[in-house]
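Novice: Any chance you could fold what I've pasted below:
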Amino acid sequence: MRSAFFVLLALIFSISTDAAWAGKRVALVIGVSAYKQVPRLTNPARDADAMTALFKKAGFDAVDNKRDLGISELRRAIRDFSLTSQDADVAVVYYAGHGIEVDGVNYLVPADAKLASDFDIEDETISLDRVMRALDGAKRLKLVILDACRDNPFATSMKRTVASRAIGRGLAKVEPSMSDTLIAFAAKAGAVASDGDGQNSPFATALVRNIVEPGLDLRIAFGRVRDEVLKATNNRQEPFVYGSLGGDTVALVPRVVDPEAEARVDYELAAQVGTRETWDAFLAKHPAGFFANLARGQNSKLEAAQQSSAKADDAKRQADDLAAQKAADFRRQLEEQSARQTAEAKQKFSEQAKRDLDEARAQIAEQAKKELDEARRQADQARQQADAARAQVDDARRRAAADAQIQVQVQVEQAKRDAKAQADKIQADRVQAEKLAALTPSQPPAPEPPPAAPKMDPSDIARLLQAHLKRVGCNPGNVDGKWDDGSRTALELFNKSASTNFDVKLASLDALDSVRSRSDRVCPLVCAKGQRAEGDRCVQIGCSSGYVLNAGGACEKRPEPAPKPKTVTRQEPAAPRSAPAARGGGKCFSFGGKTYCE
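Specialist: Predicted coordinates for the structure are as follows:
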């Protein structure tokens with residue numbers, strides 16, 4: 001609480017000293033963009049807002065921001081500010097907009113000015129001299145900043161009532177009659193300033209960056225503004241300052257002077273060491289003041305910490321002694337208990353090891369028997385598969401012989417029909433010749449009828465079509481000349497596989513010719529369950545050792561039998577170095593890192 005009190009006192013002292021040193025500061029900011037008779041200016045309103053925010057951030061006591069004022073409002077604003085600045089130490093007027101110089105006098109142009117002739121100047125504008133008189137009450141600094149040196153749009157349309165009256169370009173040079181006064185132009189006398197292409201004019205941008213730096217003299221600040229504007233405009237625009245100040249530093253924001261700056265630095269160094277000797281040395285150099293009181297508080301804390309540390313060391317030594325005694329007693333109890341448990345464990349282990357060994361032998365024997373039975377079952381299954389394969393081969397041979405016999409029979413019958421047709425043709429030719437011989441010479445011979453094409457029996461067509469369907473892999477069943485459901489199904493499968501569209505209800509010569517023209521298999525090979533296609537035949541599926549054939553006809557790994565739970569952890573007996581050879585040509589298999597034979 002005492003330290004917090006001292007910190008609060010130092011803060012109050014610092015704030016009060018700063019306020020007394022800075023004095024009262026007031027500012028009037030005017031920005032005119034929306035001119036009614038000439039084109040609108042883009043940046044003055046934004047420049048005025050930027051300067052208003054700058055003065056407020058710098059801690060000015062009063063900042064009055066005026067926008068787009070007419071002549072009446074402009075006169076009222078300047079009159080009101082003259083009252084505000086009466087008791088101020090620093091008074092600032094910032095104006096952004098159009099300005100005009102007539103006969104060496106500078107005027108500020110409000111938003112509603114028409115300026116049809118040079119006679120209207122005094123009625124429709126405010127002279128710079130009137131603005132300067134409004135700052136007469138400021139005690140330490142009177143500052144006018146004019147960002148108004150733009151090219152005057154009224155000069156071309158303004159009528160001259162007096163031929164000798166001069167209307168200049170930009171603003172005219174001024175010599176303030178009041179002391180402690182500065183007048184800053186955006187461009188030197190007779191030159192014009194750029195409104196800028198950015199968010200603010202080059203002059204306003206440089207002002208915001210420099211003139212409120214704490215402790216920076218205004219003359220140096222405006223020198224920096226000049227350099228930045230020249231650089232930003234490629235030396236086309238040079239700001240200028242008129243007036244004079246005294247020899248003391250004059251800054252818009254004063255630098256705060258800390259009366260205990262040296263004590264603050266020494267305090268920070270002493271705090272880094274943090275010993276009583278260091279704080280005593282600090283108090284010898286700085287016996288009084290805010291930081292001296294803080295140093296005494298640090299000494300008090302160190303003394304209390306040393307006393308607490310001594311008490312803690314005593315308590316720690318007592319606790320260490322008690323802990324060492326308890327640890328020795330506990331270690332002795334553990335050694336005695338460990339000796340008893342070791343003796344009991346040796347006896348229990350020998351009995352348990354014998355039981356575990358017997359149980360392991362029984363499990364190994366049972367597992368070996370199961371695997372032997374499984375191997376025999378697989379051998380039987382392999383023999384059955386081999387028998388089934390031999391049966392398929394024999395059946396294929398029988399079907400091939402039957403097909404060949406049918407082909408021979410069909411060819412013999414076809415040869416008989418061809419011979420009979422030839423004999424009939426010869427007999428018909430002989431009869432025709434006899435008829436021709438019996439005719440008289442005056443009678444013309446009758447035309448010879450065309451030979452009749454021999455016809456095939458439908459059963460022969462069906463038998464031949466069945467034989468060729470079986471040859472291309474579309475099995476119709478029996479090759480007997482009977483066109484049944486099996487034959488129709490076979491022809492339908494041929495249509496689907498060969499992309500044909502024969503009528504499956506009967507055996508036609510067109511279908512026979514199409515099937516007979518195929519030399520390779522057309523219909524896909526369909527194998528029975530447990531078999532797979534190998535070329536043009538089905539073979540039995542065989543699985544390698546450790547795999548079995550599942551219900552889907554695929555080989556899968558044989559599941560391992562679930563081991564019996566063990567009640568006591570034991571060490572597995574060492575595996576034999578070599579597996580015994582199988583006796584009598586029996587099969588051997590491995591399990592659990594061991595080899596068993598029938």
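Novice: I'd like to know how far the residue nearest the centre of the chain sits from Ala48.
Specialist: Residue closest to the average C-alpha location in the chain (Cα atoms, centre = their mean): Gln199, at 35.4 Å. Look at Gln199 and Ala48: by Cβ to Cβ, to the nearest Å, they are 13 Å apart. Any C-beta I mention is one placed from the backbone N, CA and C, and that applies to glycine too.
Novice: do Glu374 as well
Specialist: Glu374 is 100 Å from Ala48, by Cβ to Cβ.
Novice: Neighbour count for those two, which is higher?
Specialist: Using other Cβ atoms under 10 Å as the criterion, Glu374 and Ala48 rank with Ala48 on top: 26 against 15.
Novice: and the helix or strand harbouring that one, what's its mean pLDDT?
Specialist: If you go by DSSP states H and E, Ala48 is part of helix 44-57. For helix 44-57, mean pLDDT is 94.
Novice: Same question for stretch 254-266.
Specialist: 78.
Novice: how close does Lys316 get to Leu322?
Specialist: 11 Å.
Novice: Name the residues contacting each of those two.
Specialist: Common neighbours of Lys316 and Leu322 are not found (criterion: Cβ atoms under 8 Å, 6 or more residues apart in numbering).
Novice: pLDDT averaged over stretch 516-534, what's the number?
Specialist: Per-residue scores along stretch 516-534 average to 84.
Novice: Please apply the same query to stretch 320-340.
Specialist: 88.
Novice: Name all residues that make contact with the nearest residue to the residue nearest to the centre of the chain once chain neighbours are set aside.
Specialist: The shortest distance from Gln199 to any non-neighbouring residue, by Cβ to Cβ, 6 or more residues apart in numbering, is to Arg46 (6.1 Å). For Arg46, the contacting residues are Gly31, Gln199, Asn200, by Cβ under 8 Å, 6+ apart.
Novice: got it, and Glu213?
Specialist: Ala221, Ala251, Val253 are the contacts of Glu213 under Cβ under 8 Å, 6+ apart.
Novice: can you confirm the second one is in a strand?
Specialist: No. The assignment for Ala251 by DSSP: H, G, I helix; E, B strand; the rest coil gives coil, which leaves it out of any strand.
Novice: so what's the backbone phi/psi at it?
Specialist: Here the main-chain torsion angles of Ala251 (degrees, to the nearest 10) amount to phi -130, psi 140.
Novice: Gly198 now?
Specialist: Torsion angles, degrees, to the nearest 10, at Gly198: phi -100, psi -160.
Novice: That one: neighbour count?
Specialist: Quick note: Gly198 (other Cβ under 10 Å) scores 13 neighbours.
Novice: just Ser194 next, same as before
Specialist: Counted with other Cβ under 10 Å, Ser194 comes out at 19.
Novice: Helices of the stretch 51-200 of the chain, start to end?
Specialist: All helices of the stretch 51-200 of the chain, identified by DSSP state H, counting those that start in this stretch, fall at 71-84, 121-124, 128-134.
Novice: Actually, the stretch 351-500 of the chain.
Specialist: 458-471, 485-498.
Novice: what's the first one in contact with?
Specialist: Right, the one you point to is helix 458-471. 399, 403, 406-407, 410, 413-414, 475-483, 487, 490-491, 494, 506-509, 511-512, 515-516, 518.
Novice: Spatially nearest residue to Ile71 (excluding sequence neighbours)?
Specialist: Pro110 (4.6 Å).
Novice: The one you found touches Glu124, doesn't it?
Specialist: Yes. When contacts are counted by Cβ atoms under 8 Å, Pro110 is listed as touching Glu124 (7.2 Å).
Novice: Common neighbours of the two, please.
Specialist: Ile71.
Novice: who's more crowded, those two?
Specialist: Neighbours were counted for Pro110 and for Glu124 using other Cβ under 10 Å; Pro110 has more, 23 against 18.
Novice: about what we covered before: could the helices of the stretch 51-200 of the chain be laid out in JSON lines, adding distance to Gln341 and mean pLDDT?
Specialist: Output for those, formatted as JSON lines (distance: least, Cβ to Cβ, whole Å; pLDDT from 0 to 100):
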{"stretch": "helix 71-84", "distance to Gln341": "98", "mean pLDDT": "96"}
{"stretch": "helix 121-124", "distance to Gln341": "115", "mean pLDDT": "90"}
{"stretch": "helix 128-134", "distance to Gln341": "105", "mean pLDDT": "94"}
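Novice: out of the ones you listed, deepest packed?
Specialist: Mean neighbour counts were taken over these using mean count of other Cβ atoms under 10 Å, and the top value, a mean of 19, falls to helix 128-134.
Novice: show me where pLDDT drops low in the stretch 351-500 of the chain?
Specialist: The model of the stretch 351-500 of the chain has pLDDT under 70 over residues 393, 396, 400-412, 415, 437, 439-455.
Novice: Please disregard the earlier target; I meant the stretch 1-150 of the chain.
Specialist: By pLDDT under 70, the weakly predicted segments of the stretch 1-150 of the chain are 1-22, 150.
Novice: Can you show me the strands along it?
Specialist: Using DSSP state E, counting those that start in this stretch, the strands found in the stretch 1-150 of the chain span residues 25-31, 62-67, 90-96, 99-102, 105-108, 126-127, 141-147.
Novice: With mean neighbour count and distance to Ala288 as extra columns, can I get those in CSV?
Specialist: Below are the strands of the stretch 1-150 of the chain laid out as CSV (neighbours: other Cβ atoms under 10 Å; distance: least, Cβ to Cβ, whole Å):
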stretch, mean neighbour count, distance to Ala288
strand 25-31, 26, 34
strand 62-67, 18, 39
strand 90-96, 27, 35
strand 99-102, 23, 58
strand 105-108, 23, 56
strand 126-127, 19, 57
strand 141-147, 25, 37
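Novice: among these, which is nearest Lys301?
Specialist: For these, distance to Lys301 was read as Cβ to Cβ. The smallest value, 43.0 Å, belongs to strand 25-31.
Novice: so what secondary structure elements neighbour the closest one?
Specialist: Here strand 25-31 touches helix 44-57, strand 62-67, helix 71-84, strand 90-96, going by 3 or more Cβ pairs under 8 Å, 6 or more residues apart in numbering; DSSP states H and E.
Novice: cutoff 10 Å now
Specialist: Counting contacts by 3 or more Cβ pairs under 10 Å, 6 or more residues apart in numbering; DSSP states H and E, strand 25-31 is packed against helix 44-57, strand 62-67, helix 71-84, strand 90-96, helix 128-134, strand 141-147.
Novice: Sheet partners, orientation included, of that strand?
Specialist: Paired neighbours of strand 25-31 in the sheet (DSSP bridges): strand 62-67 (parallel), strand 90-96 (parallel).
Novice: Make a markdown table from those and add distance to Val273 to it.
Specialist: What follows is the strands paired with strand 25-31, written out as a markdown table (distance: least, Cβ to Cβ, whole Å):
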| stretch | distance to Val273 |
| --- | --- |
| strand 62-67 | 47 |
| strand 90-96 | 44 |
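Novice: so which of those strands comes closest to Leu549?
Specialist: Closest among those, using Cβ to Cβ: strand 62-67, at 95.4 Å.
Novice: what sits up against the closest one?
Specialist: Here strand 62-67 makes contact (Cβ atoms under 10 Å, 6 or more residues apart in numbering) with 24-34, 44-45, 48-49, 51-57, 73-74, 76-78, 80-81, 84-85, 88, 91-95, 111.
Novice: what about 7 Å?
Specialist: 26-31, 45, 48, 52, 55-56, 77, 81, 84 (Cβ atoms under 7 Å, 6 or more residues apart in numbering).
Novice: Same list (those) but as a markdown table, adding distance to Phe282.
Specialist: Compiled in a markdown table, these are given as follows (distance: Cβ to Cβ, whole Å):
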| residue | distance to Phe282 |
| --- | --- |
| Val26 | 44 |
| Ala27 | 44 |
| Leu28 | 50 |
| Val29 | 49 |
| Ile30 | 54 |
| Gly31 | 54 |
| Ala45 | 56 |
| Ala48 | 52 |
| Thr52 | 46 |
| Phe55 | 42 |
| Lys56 | 41 |
| Ala77 | 56 |
| Phe81 | 51 |
| Thr84 | 48 |
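Novice: Between all of those residues, which two are separated the most?
Specialist: In the contacts of strand 62-67, two members sit farther apart than any others by Cβ to Cβ. They are Ala45 and Thr84, at 22.4 Å.
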